[in-house]
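Undergrad: Here you go, sequence then predicted model.
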Amino acid sequence: MHYLKEDDLGPIYGHQWRSFNAPYINSEIKLENQGVDQLQNIIDKLSCPKERYSRRLILSAWNPQQLNQMALPPCHIISQFHVNMKNELSCSLYQRSGDVGLGIPFNIASYSFLTYLLAKHCNLKPKEFIHFIGNAHIYEEHEESLMEQLLRKPKKFPKLYLKQKREDINNYNINDFVLEKYNYCSKINMDMKE
């Protein structure tokens, strides 16, 4: 059996996005110019007026050759980016497995932010996030909390802005994002399940 250090998930999302199939040593060692930088390939194509309409703008976290090195096989495994004739960017995500109470809300927010960031970075307009879930599950311990959530009235969506466009995708940080008019309800507690 393969064991990882605490806080090291193995060659999961970030590794596959930026160094697909490169050898994995540990989370602190970055291997330059190894594997396939899928994210940069997508950025390059989205930035090119001739290639941005491709149906091949795929970002995959599922790598069968490295699954046994991961702490957990990826849940959100493949996303496809689409640009329409109005130069609006959408993202379709296929998620093989999703915890309705905790994981899925985080995944929706994460990929929506990623879509927005890629659109702005590549001089496109963000349009929509489309989510497909292969196996959505609710843990018994979360049922009461989710019933409470269902009784709440949805609030108006906030507005997301990017303060500036950076030259390199790696140079963005959390302070570059502005979320305006984010109104939320009080917290509902749910324990993370393994």
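TA: Alright, I've got the coordinates.

Undergrad: any low-confidence regions in the chain?
TA: Per-residue confidence for the chain (pLDDT under 70) gives these ranges: 1-3, 27-32.

Undergrad: Tell me where it has strands.
TA: 58-60, 76-83, 88-95, 98-99, 125-133, 136-137, 159-162, 177-180 (DSSP state E).

Undergrad: now those as JSON lines including distance to Glu51?
TA: (Glycine included, C-beta is placed from N, CA and C.) Below are the strands of the chain laid out as JSON lines (distance: least, CB to CB, whole Å):
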{"stretch": "strand 58-60", "distance to Glu51": "13"}
{"stretch": "strand 76-83", "distance to Glu51": "10"}
{"stretch": "strand 88-95", "distance to Glu51": "13"}
{"stretch": "strand 98-99", "distance to Glu51": "31"}
{"stretch": "strand 125-133", "distance to Glu51": "18"}
{"stretch": "strand 136-137", "distance to Glu51": "34"}
{"stretch": "strand 159-162", "distance to Glu51": "23"}
{"stretch": "strand 177-180", "distance to Glu51": "27"}
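
Undergrad: Format those strands as JSON lines; extra columns: mean neighbour count and distance to Lys153.
TA: Formatted as JSON lines, the strands of the chain follow (neighbours: other CB atoms under 10 Å; distance: least, CB to CB, whole Å):
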{"stretch": "strand 58-60", "mean neighbour count": "18", "distance to Lys153": "35"}
{"stretch": "strand 76-83", "mean neighbour count": "20", "distance to Lys153": "28"}
{"stretch": "strand 88-95", "mean neighbour count": "19", "distance to Lys153": "27"}
{"stretch": "strand 98-99", "mean neighbour count": "20", "distance to Lys153": "24"}
{"stretch": "strand 125-133", "mean neighbour count": "16", "distance to Lys153": "22"}
{"stretch": "strand 136-137", "mean neighbour count": "13", "distance to Lys153": "23"}
{"stretch": "strand 159-162", "mean neighbour count": "14", "distance to Lys153": "20"}
{"stretch": "strand 177-180", "mean neighbour count": "11", "distance to Lys153": "20"}
